[in-house]
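**Q** quick one: sequence plus predicted model below, questions after.
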Amino acid sequence: MESVTENTLPIGKPKWLKVKLPIGQKYTELRGLVDKYKLNTICTSGSCPNMGECWGEGTATFMILGNICTRSCGFCGVKTGRPETVDWDEPEKVARSIKLMNIKHAVITSVDRDDLKDMGSIIWYETVLAIRRMNPTTTLETLIPDFQGNTTNIDRIVAANPEVVSHNMETVRRLTREVRIQAKYDKSLEVLRYLKEQGIRRTKSGIMLGLGETEAEVIETMQDIRNQNVDIITIGQYLQPSKKHLPVKEFITPDQFAKYEQIGKEMGFRHVESGALVRSSYHAQKHIL
C-alpha cells in the first residue's frame, strides 16, 4: 500500500489532512440554530471535517437512541456503557430539528442498542416516519447497526423505506475482531445482502484505512461489498479519537485514495467516495441519484 508511516512523518498530520474552517451564510445560520435549540447532530458532536461543506449543501447527520453504546469498538469515540432509557419522543424531536434546520437530505445513525429486545429498530422505524410526516420533501439515508443480523429488526428499516440504507464494514476481514470487537465481518455482509434482496433501492457501506491493512485486503473487502450488490462505497482515513483508541498505523496518500476510487468504479459501484477526509455521510445527498 502506498502510504506514509508514522515513523517517516514530521510531527503532526500530513498536509492533505488539514481542514479549512467552515464558513458561509448557510453554515452560520445552521450553527446558530443548532446552538439555540440544542440540536443533536453528529456533525457537531463528532467535529466532522466536512461539516461546513455538507451544511452548505443542506445535509446533516443525526444520532438517535442516546449517546452511550453497548459495544466497545476500538476505533469509535462514542462512550461505551449502560445506555439510558429510550426516549419515545425522540422521533418527533429529530423531525422538528430537521424542519428547523431546513435540511434537504438527512442522514440518521445510532449507537448499538444490544440491551433492547428490538435493538432500537422500533425507534428507527418511528423516526423515519416522523421525518416523512414533518418534512415530506426531505430525502433520507439510514446508517444502521447490524441488529445482530436479526431480520425482524432489519425488516423495520425496509418497511420505513428510506432512499438509502447504509451499514459500514469499517475494516478488512483480518482486522475486524480487533477493530469492531463484537461485530462479525460476514454478518455485516449478510445484512447488506439482505437489504438489497428486500428491495432497498440504494445500499451503501464504508471502510476506513490506516489501521494496518494491505492494499490487497482493501481490494478484497471492496469486492466482498460489491458482491452483495451494494451501490455506494465510502473510503476514508482513520483518525484516532483518543489515546485509548487504536493508533493510526498509516496515513494513506491522496494518490492511493484515487487508485481505490478508480478500482471501485471498475468494480461497478454507482458512487465511490474515496479520500482522506471522506466520512460515511460525505456527499450523501448525491447518493440517492
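**A** That came in fine, so what should we check first?
**Q** OK, contacts around the residue nearest to residue 178 when sequence neighbours are not counted?
**A** Once flanking residues are discounted, residue 178 sits nearest to residue 74: 6.1 Å by C-beta to C-beta, 6 or more residues apart in numbering. C-beta coordinates here come from the backbone N, C-alpha and C atoms, glycine included. By C-beta atoms under 8 Å, 6 or more residues apart in numbering, the contact list for residue 74 reads 178-181, 245-246.
**Q** quick one: residue 111 from residue 48, how far?
**A** Computed as C-beta to C-beta, to the nearest Å, the residue 111 to residue 48 distance reads 17 Å.
**Q** also residue 72?
**A** Separation of residue 72 from residue 48 (C-beta to C-beta): 22 Å.
**Q** who's more crowded, those two?
**A** Between residue 72 and residue 48, counted using other C-beta atoms under 10 Å, residue 48 has the larger neighbour count: 23 against 14.
**Q** just the pLDDT for the more buried one.
**A** pLDDT, residue 48: 71.
**Q** same check, this time on residue 251
**A** We have a pLDDT of 95 for residue 251.
**Q** what strands line up against the helix or strand that contains it, and which way round?
**A** For residue 251, the element it lies in under DSSP states H and E is strand 250-252. Using DSSP bridges, the strands paired with strand 250-252 are strand 3-5 (antiparallel).
**Q** what's the mean pLDDT across the partner strand?
**A** Rounded mean pLDDT across strand 3-5 is 40.
**Q** what segments of the stretch 51-200 of the chain are helices?
**A** All helices of the stretch 51-200 of the chain, identified by DSSP state H, counting those that start in this stretch, fall at 51-56, 90-101, 121-134, 151-160, 176-179, 185-197.
**Q** re the thing from before, what's the offset of the strand holding residue 251 from the middle of its chain?
**A** Centroid separation for strand 250-252 versus its chain: 20 Å, with C-alpha atoms, centre = their mean, to the nearest Å.
**Q** give the next helix or strand downstream of that strand.
**A** Moving toward the C-terminus from strand 250-252, the next helix or strand (DSSP H and E) is helix 254-267.
**Q** centre of the chain to that next one, how far?
**A** With C-alpha atoms, centre = their mean as the basis, helix 254-267 stands 20 Å off its chain's centre.
**Q** and that helix, what's its mean pLDDT?
**A** 98.
**Q** for that helix, packing partners?
**A** helix 215-226, strand 232-237, strand 271-274 (3 or more C-beta pairs under 8 Å, 6 or more residues apart in numbering; DSSP states H and E).
**Q** for these, which one sits closest to residue 127?
**A** strand 232-237 (21.4 Å; C-beta to C-beta).
**Q** tell me the contacts of residue 107?
**A** Residues counted as contacts of residue 107 (C-beta under 8 Å, 6+ apart) are 42, 59-62, 140-143, 280-281, 284.
**Q** swap the cut-off to 6 Å and go again
**A** 61, 141, 281, 284 (C-beta atoms under 6 Å, 6 or more residues apart in numbering).
**Q** from these, which single one is nearest residue 15?
**A** Ranked by distance to residue 15 (C-beta to C-beta), the contacts of residue 107 are led by residue 281 at 24.3 Å.
**Q** and the longest strand belonging to the chain, what other elements does it pack with?
**A** In the chain, with assignment by DSSP state E, the single longest strand is strand 202-209. Counting by 3 or more C-beta pairs under 6 Å, 6 or more residues apart in numbering; DSSP states H and E, the packing neighbours recorded for strand 202-209 are strand 164-166, helix 185-197, strand 232-237.
**Q** buried sites along the longest one?
**A** Neighbour-count burial for helix 185-197, with 16 or more other C-beta atoms under 10 Å as criterion, is recorded at 185, 188-192, 194-196.
**Q** next: stretch 153-170.
**A** Those would be 153-154, 156-158, 160, 162-170, for stretch 153-170 by 16+ other C-beta under 10 Å.
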